[in-house]
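Q: model the structure of this input:
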Amino acid sequence: MAEILTNNFNSDITRMFITDTIDNQDYYMFVSKIGSFTPIDSAKSQNEFLENTLFGKRIANADINYMIKYYPWQKGTVYDQYDDAIDLDGLKFYSVVGPNDNDTGDYRIFKCLSNNDNAIAASPPTWDLANETQIYETADGYVWKYMYRLTTLQFEGYNALGYIPIDPTANTNPTAVEGGGISEILVTNNNDNQGYEEKIAVLESIFGRVIPSTQGDITLKLGPTTLDWAEDPDYYNGQYCYITNPSSSVTNLFKVLDYSFNTSSGKAEIRVGAEIANPSRGDVEGATQANPVVITSTAHGLTDGQPIRFKDIFGMTELNFASVLNSTGNVYYVKTIDDDSFELYTTGVLNQDGVTFAATNTSLDGTSFSAYVSGGSWIGDKDLIVAGVATNATVKIFPRVVIAGNGIGAVGIPNILNGRIGTITLLNRGSGYKNAVASVVDPNIGFDPLNTGDTDVRALLRPILEPEGGHAFNLVEEFKCKHFSFYGYITASDNTHIGGTNTYGSIGIVRAPTFRDGPVADPAGPNWRNGSTVGLKPDVFDNRIAIVTDDYTSLTANSTVTQIDVENNITFNAQVHEIDESSNTVYLAEYMGPYQNRKLVGNGDTSFNPDGDITSDTGQKIAINNPVASNVTYSDYIQRTGEVYFMEDFFPLARTETSREEFKFVLEF
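A: Numbers count the residues shown, from 1 in each chain. Okay, the predicted model is just below:
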């Protein structure tokens, strides 16, 4: 029995963690231990790490990033292609095109939508602002979707351990969207299907729906340029008619409704339905019980004479279309009033200019219709006239691809070579799909894959659905993101608040350490910020105890000082971390041990007694200068507080006043 903990769980946990981190601004990088320290995941080890803290710095929101594996684009690599039916975790289904392979001077991340049947990559995608879909097909047959960019500064600042950040400006928790478009339609037997034809012709003339022609369906006269066009009536009925205009290269797709062939002239005539790939869509906001009916729809974008169909109208249900796209029944024609309203007619003849609405058209009388209540949407069909199809256009006739599912708008056409459908080109990816199937409609005549004596074999199709909202909508989920990074660094300004000497051997991440209340107004310095507790929290804190003493010459760095009680028991033990001769100041570290805190003496958070004797490891007494209270400075950090989330040890690193350290933590759920 399979038990699957999905990538969605990991991504959501990562998202919730980062959201909490950013909302509370409560994560710190702690630097601990003068010498060596070997941490393990135990309560004792975590406590030891906290007790030996030298200094810490808050991790800024801008330095918290979602991280993904770094897969640089490399020639000769076979990239995995996106597929909604496989587990993409750990696969190279995207690549990073860096400055060496692009002319944008940055890092562009592209998702592989198709790897051309596992071809070897040879050409990187080249980003182009003018590309509306941001989908690129390269010379090696790969298809890439541009996802996001990283500036050189972002890349160099945050890449770490083979990981790069997701776009820091992206919305990582977008509003939920139902479904996505069709990413690709695979032909699963592209080498085995057989029996499909593609016919090519030149469009010689168009007649219908423009005066002086009578109202009625628009018909095309074609001059075939390929051989063996069928002479049988209706032979190509139900197939696609794909037209490319000669001057603009604009393409339009229609369904063949009627076909005939004139053997004397060698010409074909076809009648087609509405343009399929790019219908206009909009919402109904109002409908009048008038003659003609007036529809309100903001910024409708329709043109005079455009066929239109309605669905899901409440109240004036008489307008609703009776069936599906390209069927007959309840098709009306538009006469525009302004940008936000139009009239309905039952005919849509245009004047000889092919643009203006003819006065002879019949209006739709809605005076007896039910009153409009609410809702409804419309599809504005583009027939040949509205689509602007011109003579001398190239016309292709080929089998129709049907896409069915719970979304809308996806349209694909077959690419046929030597009788085989090798691939499907998507003219419109549609939207809102969570389930879809696709098939090639059998030609009406001459195609019989069930006949054992025939060589025809149906093409089998499998749609691959985009992620919900489409590619690049939700980067965290699309990249199966379960890693994140904290970027901690010490600047010149930070060095004025912490020790610029000695060594340290461990760093870590601590959540929600607590501090004594900082200033509540007019902060004393830039190291104080709003925190989740009363008052303010420091961006940087020094965890050492500083004492001013004229006896500093009796001490050396890394020596030990102690305090003892009347029974000669050690009550305080610390290591000398730094001696500042210019101010007669000694900085003590690693002072938290198995001793009782003095609640009413000093700062109440350590066992240090500022009024007691301090003894060096050579037996000399060290006296704090008077007045004692003015010559002892404690840490603002409340000792041993905070949850340790991460610890790492290393060979102790030396610090100087010019030290500038950077730490990049990449963590995984």
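
Q: only C-alpha atoms, please: export the longest helix along the chain in PDB.
A: Longest helix of the chain, by residue count under DSSP state H: helix 7-24. Taking C-alpha atoms only, helix 7-24 is exported to PDB below (Å, rounded to 0.1, in the frame of the first residue of the first chain):
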ATOM      1  CA  ASN A   7       5.600  17.900  -2.300                       C
ATOM      2  CA  ASN A   8       2.600  20.300  -1.600                       C
ATOM      3  CA  PHE A   9       3.100  19.500   2.100                       C
ATOM      4  CA  ASN A  10       6.700  20.400   2.000                       C
ATOM      5  CA  SER A  11       6.100  23.500   0.000                       C
ATOM      6  CA  ASP A  12       3.300  24.600   2.400                       C
ATOM      7  CA  ILE A  13       5.400  24.000   5.500                       C
ATOM      8  CA  THR A  14       8.200  26.000   3.900                       C
ATOM      9  CA  ARG A  15       5.800  28.800   3.000                       C
ATOM     10  CA  MET A  16       4.200  28.900   6.500                       C
ATOM     11  CA  PHE A  17       7.700  28.900   8.100                       C
ATOM     12  CA  ILE A  18       8.900  31.800   6.000                       C
ATOM     13  CA  THR A  19       5.600  33.700   6.500                       C
ATOM     14  CA  ASP A  20       6.000  33.400  10.200                       C
ATOM     15  CA  THR A  21       9.600  34.400  10.000                       C
ATOM     16  CA  ILE A  22       8.800  37.600   8.000                       C
ATOM     17  CA  ASP A  23       5.800  38.500  10.100                       C
ATOM     18  CA  ASN A  24       7.600  38.200  13.400                       C
END
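
Q: so for it, mean pLDDT?
A: Average pLDDT, helix 7-24: 85.

Q: just checking, next helix/strand downstream of it?
A: For helix 7-24, the succeeding helix or strand toward the C-terminus, using DSSP states H and E, is strand 27-32.

Q: give the other helices and strands that that next one contacts.
A: Contact here means 3 or more CB pairs under 8 Å, 6 or more residues apart in numbering; DSSP states H and E; on that basis strand 27-32 packs against helix 43-51, strand 53-58, strand 483-489, strand 503-511. For every residue, glycine as well, the C-beta is placed using N, CA and C.

Q: between the first one and strand 27-32, how many degrees?
A: By that I understand helix 43-51. For helix 43-51 against strand 27-32, the angle by axes from the mean of the first three to the mean of the last three CA atoms, to 10 degrees is 90 degrees.

Q: next one: the second one
A: For strand 53-58 against strand 27-32, the angle between stretch directions is 160 degrees (the same axes, to 10 degrees).

Q: how far does stretch 582-596 sit from the chain's center?
A: In terms of CA atoms, centre = their mean, to the nearest Å, the centre of stretch 582-596 is found 50 Å from the chain centre.

Q: with stretch 396-415 instead?
A: For stretch 396-415 - counting by CA atoms, centre = their mean - the centre lies 27 Å from the chain centre.

Q: any buried residues in that stretch, and which?
A: Within stretch 396-415, the residues that count as buried by 16 or more other CB atoms under 10 Å are 396-401, 403, 405, 407-414.

Q: one more: stretch 596-613?
A: In stretch 596-613, counting by 16+ other CB under 10 Å, buried: 598, 602-603, 605-608, 610, 612.

Q: as JSON lines, those residues with pLDDT and secondary structure would be great.
A: As requested, the buried residues of stretch 596-613 are arranged in JSON lines below (pLDDT from 0 to 100; DSSP: H, G, I helix; E, B strand; the rest coil):
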{"residue": "Arg598", "pLDDT": "85", "secondary structure": "coil"}
{"residue": "Gly602", "pLDDT": "77", "secondary structure": "coil"}
{"residue": "Asn603", "pLDDT": "81", "secondary structure": "coil"}
{"residue": "Asp605", "pLDDT": "89", "secondary structure": "coil"}
{"residue": "Thr606", "pLDDT": "93", "secondary structure": "coil"}
{"residue": "Ser607", "pLDDT": "93", "secondary structure": "coil"}
{"residue": "Phe608", "pLDDT": "94", "secondary structure": "coil"}
{"residue": "Pro610", "pLDDT": "92", "secondary structure": "coil"}
{"residue": "Gly612", "pLDDT": "87", "secondary structure": "coil"}
